[in-house]
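K.L.:
based on what follows, work out the 3D shape:
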Amino acid sequence: MEFRPLNRLLAIWRRLTQLDRVALGMLILFALVWAAGWAGWRMPLRGFLTFLAVLAAVFLLIRWLGWVRNQVLWSLRNRLIIAYLFIAVVPVVLLLTITTVAAYLTYLQLGAHVLNDELQERVSKVEGTAEAVAEAIEKTGEALPPDESSAAQIASVSAILDAARKELPGIRVSFSRDERFLRRPGAAMQNRFTGLVESEEKLWIRALVVAQGRRDRVLVSAAVPCSPELLDSLTSALGPIQLTPFRPAPPGRQEGPVLELYGRQFTPVRAREIASRRRALGPPANWFDRQVNGAATLEAVYDDPSESEVSKVPVLASFSVRPSQLTRLLFASLGAVGDLIVTGLIVIAMLFLVLEVAALITGIVLTRTITHAVADLYEATQHVRTGDFSHRVRLHRRDQLGVLAESFNAMTSSIGELIEEQRKRQRLENELSIAREVQEQLFPQQLPVMEGVQLAAVCRPARTVSGDYYDVIRLGPTRLGIAVADISGKGISAALLMASLQAALRSQALQDGQVGTDDLVARLNKHLFLNTSDDRYATFFYAVYDTATRKLSYTNAGHVAPFYVCDGHAIKLEEGGTVVGLFGDCEYTEAMLHVAPGSLLVAYSDGLTEPENVYGEEFGPSRLLEEVLRHREELPRRLAEDLLAAAEQWGGAPEQADDMTVLVARLG
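P.N.:
Reported below is the predicted structural model:
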């Protein structure tokens with residue numbers, strides 16, 4: 001039985017470097033030490049091992065991040081899924097996150113607003129009590145009372161205090177002529193003060209109102225301590241409440257938390273924290289009705305009798321609330337319409353959720369269709385890679401991917417046909433290569449060496465095989481036959497006719513070495529006419545040179561006229577007749593020249609004069625003759641190569657249009 005997971009793990013382990021293995025071992029050791037510590041065993045050097053484990057984790061993360069990315073993103077399906085995550089899921093998550101944060105901040109603000117309103121309501125009641133006492137004292141017309149007990153003897157003041165104690169437990173009324181609160185920094189000149197005051201090691205809700213008597217005035221102070229009972233009396237929409245007063249931070253470094261406000265630093269006074277006792281959050285209305293914990297800062301005045309002025313200090317108000325209770329309080333003024341609005345919002349949220357799920361399912365289905373089609377194409381490419389072009393991709397639907405699969409099937413079918421044609425062409429090229437080797441054997445493998453004659457010949461076929469032909473035949477001790485021919489057409493047919501011409505020429509020339517050039521050409525013409533089709537023919541030039549008599553006899557059967565160069569002058573050898581193989585009965589003539597010492601014979605095919613330049617001008621016989629005269633003193637081999645190079649340079653084409661053949665003989 002083969003354990004594939006184990007084999008895969010072993011393969012991964014073999015690919016790890018030594019440093020990778022050390023880092024992985026460090027993580028395993030840290031896991032063991034952590035497990036031992038969790039079990040209650042105290043392990044030495046645990047902090048140092050934690051530091052090393054963090055370094056190892058960072059190293060492996062950097063090392064394996066690229067490999068994991070390549071492994072995950074190799075599959076198109078994984079790429080599409082990740083793309084959907086970034087395109088659809090990530091924006092939705094971000095929207096939900098920002099919605100959650102916005103909702104939290106909204107309910108935090110609402111909770112702080114409700115708490116502040118409740119406290120302001122108590123502040124207003126305290127202020128109202130102070131105003132009522134001051135007004136009642138002023139109406140008596142008597143001297144201002146020095147304390148609360150004296151003021152309580154006034155009937156109207158006593159009634160006010162009795163009513164206030166029912167709503168504000170622990171309320172105290174005092175009288176003072178100290179107006180520091182009215183002259184506190186940042187306060188405008190006025191005759192009253194309301195707010196939070198930290199005094200006598202407590203936090204108070206205090207109101208100061210000026211009562212004007214006949215001869216002087218006094219400050220009427222109404223104060224209620226911020227006690228747990230006061231916090232318990234606030235609205236039921238809020239949960240537990242806690243007030244934490246702050247004091248100005250002494251100079252120097254602080255140990256605990258520091259709050260910087262009003263340009264100064266403050267530290268909390270934990271010993272004076274005031275917390276509600278009977279407040280509790282109700283049960284959640286639904287799963288989303290989570291507890292929201294919030295805090296807000298309130299401004300209080302710090303009354304230190306040792307200082308001539310009062311200063312501002314912050315008070316941190318902490319609270320908890322449920323969104324459903326705040327929502328109910330927020331929409332309470334709408335009555336039944338508020339419930340409808342909440343229900344509508346829930347319905348819209350559920351509708352959006354259903355649409356998101358439907359979009360996700362649609363995306364998954366579309367992804368599967370795309371990845372299945374790509375998987376089929378990938379499987380097909382694997383078959384093509386192994387050389388199997390018969391495999392076809394299944395067509396599931398007529399969409400763009402289906403058309404792509406159909407195109408792939410058509411492509412593989414075409415490739416199979418092209419490969420078969422390539423094989424046939426390869427076999428044909430092999431056959432042509434063999435034909436070329438055979439044809440090269442038909443050309444003279446080594447030109448005859450004869451005293452008084454220097455020979456050179458070059459044939460450059462335009463295709464694999466050539467339709468040009470040249471030959472040099474030794475007819476006797478002093479006689480030499482020279483032949484140049486150009487077969488009509490190109491390729492295999494021209495090569496076959498060239499072979500037939502070569503066989504007939506050598507047969508006739510070697511059988512009767514004394515026959516004239518005109519009779520030999522006539523025999524070749526009759527042979528080709530009888531053994532080839534009507535449209536096959538050849539231009540042919542044949543000459544015989546006798547070194548003893550220094551005579552050159554020749555017959556030109558429709559071939560481009562060779563040049564006979566002597567003393568810087570050239571003669572075109574044109575005497576003869578028409579082409580061979582086209583007509584059955586043709587008469588040919590023989591011409592004869594007396595060869596001077598150092599004369600030059602240049603025979604060539606029309607492929608040497610037909611190359612055209614960019615302006616459409618042919619190289620032509622005249623330019624070829626100029627090259628011959630310019631280089632006539634060179635050796636025959638060098639002269640032949642120069643003539644070919646001049647023709648190719650004139651044409652400048654990357655491919656050769658026709659066979660090029662040139663034969664150079666220096667005579668005498």
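K.L.:
just checking, residue 270 touches residue 244?
P.N.:
Yes - taking Cβ atoms under 8 Å as the definition, residue 270 is a contact partner of residue 244 at 7.3 Å. To be clear about C-beta, it is placed using only N, CA and C from the backbone, and glycine gets the same treatment.
K.L.:
so between those two, which is more surrounded?
P.N.:
Neighbours per residue (other Cβ atoms under 10 Å) separate residue 270 from residue 244, with residue 244 holding more: 20 against 9.
K.L.:
list the contacts for that one?
P.N.:
With contact set as Cβ atoms under 8 Å, 6 or more residues apart in numbering, residue 244 has these partners: 268, 269, 270, 272, 273, 315, 316, 317, 318.
K.L.:
what subset of those is buried?
P.N.:
The neighbour-count test (16 or more other Cβ atoms under 10 Å) marks 268, 269, 272, 315, 316, 317, 318 as buried among the contacts of residue 244.
K.L.:
related to what we said a few turns ago, taking the contacts of residue 244 one by one, which sit in strands?
P.N.:
Counting by DSSP state E, the contacts of residue 244 place 268, 315, 316, 317, 318 in strands.
K.L.:
which residue packs closest to the third one, ignoring adjacent ones?
P.N.:
With Cβ to Cβ, 6 or more residues apart in numbering as the criterion, residue 316 has its nearest non-adjacent residue at 4.3 Å, and that residue is residue 244.
K.L.:
assign a three-state SS to the one you found, would you?
P.N.:
Following DSSP: H, G, I helix; E, B strand; the rest coil, residue 244 is assigned to strand.
K.L.:
and what of residue 486?
P.N.:
strand.
K.L.:
identify the bridge partners of it.
P.N.:
residue 468, residue 539 (DSSP bridges).
K.L.:
please name the nearest non-neighbouring residue to residue 587.
P.N.:
residue 577 (6.4 Å).
K.L.:
who touches the one you found in this structure?
P.N.:
518, 521, 555, 556, 557, 558, 586, 587, 588, 589.
K.L.:
okay, and which of those residues map to helices?
P.N.:
518, 521 (DSSP state H).
K.L.:
list just the nearest of the contacts of residue 577 to residue 376.
P.N.:
Ranked by distance to residue 376 (Cβ to Cβ), those are led by residue 558 at 65.4 Å.
K.L.:
check what pLDDT residue 485 gets.
P.N.:
pLDDT recorded at residue 485 is 91.
K.L.:
gap between residue 98 and residue 104?
P.N.:
From residue 98 over to residue 104 the distance is 11 Å, taken as Cβ to Cβ, to the nearest Å.
K.L.:
again, but for residue 218
P.N.:
Counting by Cβ to Cβ, the gap from residue 218 to residue 104 is 49 Å.
K.L.:
of these two, who's got more company?
P.N.:
Per other Cβ under 10 Å, whichever of residue 218 and residue 104 has more neighbours is residue 218, with 21 against 15.
K.L.:
what sits against that one?
P.N.:
Under the criterion of Cβ under 8 Å, 6+ apart, the neighbours of residue 218 are 144, 175, 176, 177, 210, 211.
K.L.:
re earlier: any chance of the contacts of residue 244 in a markdown table, with distance to residue 402 and pLDDT too?
P.N.:
Formatted as a markdown table, these follow (distance: Cβ to Cβ, whole Å; pLDDT from 0 to 100):
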| residue | distance to residue 402 | pLDDT |
| --- | --- | --- |
| 268 | 72 | 85 |
| 269 | 77 | 82 |
| 270 | 74 | 77 |
| 272 | 78 | 80 |
| 273 | 73 | 88 |
| 315 | 73 | 88 |
| 316 | 68 | 89 |
| 317 | 68 | 90 |
| 318 | 65 | 90 |
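K.L.:
tally of neighbours for residue 248?
P.N.:
Residue 248: 15 neighbours (other Cβ under 10 Å).
K.L.:
so it touches residue 313, yeah?
P.N.:
Yes - when contacts are counted by Cβ under 8 Å, residue 248 is listed as touching residue 313 (6.8 Å).
K.L.:
ok so, going back, let's have the contacts of residue 218 in CSV, adding secondary structure.
P.N.:
Output for those, formatted as CSV (three-state DSSP):
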residue, secondary structure
144, coil
175, strand
176, strand
177, coil
210, strand
211, strand
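K.L.:
show me which of the residues you listed has the smallest pLDDT value.
P.N.:
Comparing the contacts of residue 218 by pLDDT, residue 144 comes last, at 52.
K.L.:
quick one, helices of the stretch 301-450 of the chain?
P.N.:
Remark: helices assigned in the stretch 301-450 of the chain by DSSP state H, counting those that start in this stretch are 323-330, 336-385, 400-442.
K.L.:
highest mean neighbour count out of the ones you listed?
P.N.:
Comparing those by mean neighbour count (mean count of other Cβ atoms under 10 Å), helix 323-330 ranks first with a mean of 19.
K.L.:
can you name every helix or strand that it contacts?
P.N.:
With contacts defined as 3 or more Cβ pairs under 8 Å, 6 or more residues apart in numbering; DSSP states H and E, helix 323-330 has these neighbours: helix 90-140, helix 336-385.
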